[in-house]
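Novice: show me how the following folds:
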Amino acid sequence: MAAGIIAETTVGLKDWTVAVEALGSGKQILVMRKGGIAEETRHFTVQSDRFYLFPAYEHQKEELLKPQYQGGIAETRKEWTDGQQMVTIKYFAVLHEDIEVREEEVLLRLSPYHIWNDRFATERLKWKKKHPLHVLLLRVYKLEQPFAIPVRDAYFGCKSWHQLPEELRGLKGVPVLSDEAFESEVKVIKAALA
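Specialist: Below you'll find the predicted structure:
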């Protein structure tokens, strides 16, 4: 089993809560990013290779998930109500690789390795056609203790990266997948992209 990690950062990458939970349970090791409408550069860039996974309850849509994962959104909503004052951070990630994808045929070969349906993946790829879709392969760690932080207005909207409270710096986590399982997933995904 891989050694634990100390998260020496306060950066957070926001994604759908159902996707964060898929990463945290080891169901997938990738996320797809194109950049939110509110990004400063108007497209996605990696701002840190180590970051917390910030769960976003807004914009989740069941029809953009594969059928077997659609119930996950209802599960995440049990943890969240509009006007909630705190959000819980459970996971930390280390970027293993940032793969740029420009062709739909290549992207669709990744379908078995994530929770989203082909419509979601294709729409992400086609949005802002001049820019590639970033497929981030992530080594995910579960925090030894989940950490609740206050909800700030800055956390809402279509923006990928956020600065989180300083209290998150130095939290400990353990890998959700063994070294062998993670490397196996990386090899399978890389072979699908080749």
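
Novice: from residue 158, how far out is residue 44?
Specialist: Distance of residue 44 to residue 158, computed by CB to CB, to the nearest Å: 11 Å. All C-beta atoms are positioned from the backbone trio N, CA, C, and that covers glycine.

Novice: which one of the two is surrounded by more residues?
Specialist: residue 44 (21 against 13; other CB atoms under 10 Å).

Novice: for that one, what are its contacts?
Specialist: 33-35, 131, 134, 160 (CB atoms under 8 Å, 6 or more residues apart in numbering).

Novice: restrict the helix or strand bottoming out on mean pLDDT in the chain to CA atoms and write it as CSV.
Specialist: When each helix and strand of the chain is scored by mean pLDDT, DSSP states H and E, helix 71-77 comes last, with a mean of 74. Taking Å, rounded to 0.1, in the frame of the first residue of the first chain, the C-alpha atoms of helix 71-77 are listed here in CSV:
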residue,chain,number,x,y,z
GLY,A,71,-28.7,7.9,-8.4
GLY,A,72,-25.4,9.4,-7.0
ILE,A,73,-26.7,12.9,-7.5
ALA,A,74,-29.6,12.3,-5.2
GLU,A,75,-27.2,10.8,-2.6
THR,A,76,-25.1,13.9,-2.7
ARG,A,77,-28.1,16.2,-2.3
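
Novice: could you count how many residues lie near residue 190?
Specialist: By other CB under 10 Å, neighbour count at residue 190 equals 12.

Novice: distance of it from residue 20?
Specialist: 23 Å.

Novice: tell me the buried residues in the biggest helix by length in the chain?
Specialist: In the chain, assigned by DSSP state H, the helix with the most residues is helix 179-193. Of all the residues in helix 179-193, those buried under the rule 16 or more other CB atoms under 10 Å are 182, 185-186, 189.

Novice: so which elements touch that helix?
Specialist: For helix 179-193, the elements it packs on are strand 86-101, strand 133-150, judged by 3 or more CB pairs under 8 Å, 6 or more residues apart in numbering; DSSP states H and E.

Novice: redo that, cut-off 10 Å
Specialist: strand 30-33, strand 86-101, helix 104-108, strand 133-150 (3 or more CB pairs under 10 Å, 6 or more residues apart in numbering; DSSP states H and E).

Novice: and of those, who's closest to residue 56?
Specialist: Closest to residue 56 of the helices and strands packed on helix 179-193, according to CB to CB: strand 86-101, at 9.1 Å.

Novice: could I get the buried residues of helix 179-193 in TSV, plus columns for pLDDT and distance to residue 127?
Specialist: Converted to TSV, these look like this (pLDDT from 0 to 100; distance: CB to CB, whole Å):
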residue	pLDDT	distance to residue 127
182	97	29
185	97	26
186	97	26
189	96	22
